[in-house]
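>>> Sharing a model prediction with you, sequence too.
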Amino acid sequence: MLMILGCACAATTHTPAAPTQPGTPPPGFVALFDGRSLAGWQAPTDHWRADSGVLANDGAGSNLVSTKSFGDFELLIDWKVQAKGDSGIYLRGLPQVQLWDPDNADALQHGADKGSGALWNNVKAGNRPAVRADRPVGQWNALRVRMVGELVWVWLNGKLVVDRVALENYKQRDKPAAATGPIELQAHTQPTWFRNVYVRDIPYDEAMAALTATDERDFKSLWNGRDFSDWDGPLDNYEIVDGAIRCKPGKGGTIYAKQSTSDFVARLEFKLPPGGNNGLAIRYPGAGDTAYDGMCELQVLDSESPKYATLDARQFHGSAYGQVAAHRGYLRPVGEWNFEQVTVRGSTIKVELNGTTILDADLSKVTEFMNGKAHPGKDRTSGFFGVAGHNDPVMFRSLRIKHLRASN
């Protein structure tokens, strides 16, 4: 826990060092634009040119798209526009961090006067910057973007203008942003200039710290990391390996923290072996099958294993087993740790995997179940939190919980 808190503090205060000279990436970053060509970008057109360290678009043509795709990343880029300029930066192929002339009277109805840096195509949140931080038109602006999961932070000229907002999927509104995708520089009616384009991949520990930085101190450990003195259930079927709980191969059953809870937020890390299958017990009554007798079992599964190719959608990772399907495609590779947060309020349950919301459902409204088998426990209002093994050596660590005031 102390290690996690320390990482969180580091993540929130991290500021990239200034380049040692123009065109030189700060430590940890690589140049996405080499300053003299369009190498590293897809489908360059006659409307883009590289000249003396500046990447310029004449206001026409198509977006410039990076050949590399990015997952969790940090981007540094300088940009400028002319009067009435209007451009943007696509993140993982999705629009967009807005860049424009904030004094353009023709765009005031679109929020130009609020300034640049916002996620303009969002509907729910973040489509206006927290502050106006633009420099005068014709001057260079410095942009810093961090993306972890679907969540985005944006700093413009050193000021935080977007703070931990999910980038909405403009192309498919009913799905989260993809786990990976390219960076795009928008071509949009007016000339735009870019320089000092630097990027770095964000490692897992830093990504996790960014996701937990604001309220980690509100969480209490669910497991002491040494033994099962505060847990119950078929404990002999589990073992402690490298500071983690692991289900013994060929064993299983639901083990759980002894303290009952109602509404809560739980955080944990898990690691799957190839084809691994386990689950999280939500409001488990202490006996029976948590998938049916508890509120639900949240599936923990190597969803991309060929052995599971024909499963019902409500059986893949993050799903409320047999009730509501989760979005797929957000697990880290088998053998790597994943970070998951589960929020339970009344009859609702939300699952965030590595920074992306993959399930957000109200189980009280579920009337159709897998194989027509009812889930009598789905409306339970309290119970235990635990893990539900299914014969595979799935590992869990850093389990912690924040109790919430019970919903009415």
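Perfect, thanks for sending it.
>>> which residues touch the nearest residue to Pro274 once chain neighbours are set aside?
Using Cβ to Cβ, 6 or more residues apart in numbering and skipping the chain neighbours, the partner closest in space to Pro274 is Val334 (5.2 Å). (Glycine included, C-beta is placed from N, CA and C.) Residues counted as contacts of Val334 (Cβ atoms under 8 Å, 6 or more residues apart in numbering) are 272-274, 276, 302, 305.
>>> give me that answer again for 7 Å
Residues touching Val334, when contacts are defined by Cβ atoms under 7 Å, 6 or more residues apart in numbering, comprise 272-274, 302.
>>> Kindly give a single PyMOL line that selects the buried subset of those residues.
Remark: buried members of those, expressed as a PyMOL selection using 16 or more other Cβ atoms under 10 Å:
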select buried, resi 272+273+302
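>>> Turn the contacts of Val334 into JSON lines, columns for secondary structure, pLDDT and distance to Pro285.
Converted to JSON lines, the contacts of Val334 look like this (DSSP: H, G, I helix; E, B strand; the rest coil; pLDDT from 0 to 100; distance: Cβ to Cβ, whole Å):
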{"residue": "Leu272", "secondary structure": "coil", "pLDDT": "98", "distance to Pro285": "27"}
{"residue": "Pro273", "secondary structure": "coil", "pLDDT": "98", "distance to Pro285": "29"}
{"residue": "Pro274", "secondary structure": "coil", "pLDDT": "98", "distance to Pro285": "32"}
{"residue": "Asp302", "secondary structure": "coil", "pLDDT": "98", "distance to Pro285": "28"}
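>>> Do a quick rundown of the strands in the stretch 1-150 of the chain.
Under the criterion DSSP state E, counting those that start in this stretch, the stretch 1-150 of the chain carries strands at the ranges 30-31, 41-42, 48-51, 54-57, 64-66, 73-81, 86-91, 94-100, 141-148.
>>> What of the stretch 301-408 of the chain?
337-345, 348-353, 356-362, 384-390, 395-404.
>>> Nearest to Leu38, out of those?
strand 356-362 (31.3 Å; Cβ to Cβ).
>>> Which elements pack onto the closest one?
For strand 356-362, the packing partners by 3 or more Cβ pairs under 7 Å, 6 or more residues apart in numbering; DSSP states H and E come out as strand 348-353.
>>> what angle do the strand it packs on and strand 356-362 make?
Put simply, strand 348-353 runs at 170 degrees to strand 356-362, going by axes from the mean of the first three to the mean of the last three Cα atoms, to 10 degrees.
>>> Can you tell me which helices and strands strand 348-353 packs against?
Applying 3+ Cβ pairs under 7 Å, 6+ apart, we find strand 348-353 packed against strand 337-345, strand 356-362.
>>> ok, and what's touching the shortest one?
Okay, so that is strand 356-362. With Cβ under 7 Å, 6+ apart as the contact definition, strand 356-362 has outside contacts at 149-150, 176, 318-320, 324, 326-327, 330, 347-351.
>>> go with 8 Å
Counting by Cβ under 8 Å, 6+ apart, 149-150, 166, 176-177, 179, 298, 317-320, 323-324, 326-328, 330, 347-352 sit against strand 356-362.
>>> Likewise for stretch 241-261?
222-223, 225, 228, 230-235, 237-240, 271, 278, 281, 283-284, 286, 290, 382-397, 399, 401, 403.
>>> Quick one: buried ones out of those?
Buried members of these, counted by 16+ other Cβ under 10 Å: 222-223, 228, 231, 233, 237-239, 271, 278, 281, 283-284, 286, 290, 383-390, 392-397, 399, 401.
>>> Which of the helices and strands packed on strand 348-353 sits closest to Gly23?
Between Gly23 and those, the shortest gap by Cβ to Cβ is with strand 356-362, which sits at 34.2 Å.
>>> Give me the sheet partners of that closest one and which way each runs.
Each strand that pairs with strand 356-362, with its direction, by DSSP bridges: strand 348-353 (antiparallel).
>>> which residues touch the strand it pairs with?
The contact list for strand 348-353 (Cβ under 8 Å, 6+ apart) reads 149, 211, 282, 295-296, 298, 317-318, 320, 326, 330-331, 338-344, 357-363.
>>> measure the residue nearest to Gly71 when sequence neighbours are not counted to Leu64 for me?
Using Cβ to Cβ, 6+ apart and skipping residues adjacent in sequence, the residue nearest Gly71 is Thr180, 4.8 Å away. Per Cβ to Cβ, to the nearest Å, Thr180 is found 18 Å from Leu64.
>>> for Gly225, same thing?
Shown here: Gly225 relative to Leu64, a distance of 48 Å by Cβ to Cβ.
>>> Then Ala313?
Remark: distance between Ala313 and Leu64 (Cβ to Cβ) = 37 Å.
>>> Excluding covalently adjacent residues, which one is nearest to Leu404?
According to Cβ to Cβ, 6+ apart, the nearest residue to Leu404 is Asp263 (4.0 Å).
>>> Just the buried residues from the contacts of strand 356-362, in PyMOL please.
Per 16+ other Cβ under 10 Å, the buried members of the contacts of strand 356-362 correspond to this PyMOL selection:
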select buried, resi 149+150+166+176+177+179+298+317+318+319+320+323+324+326+327+328+330+347+349+351+352
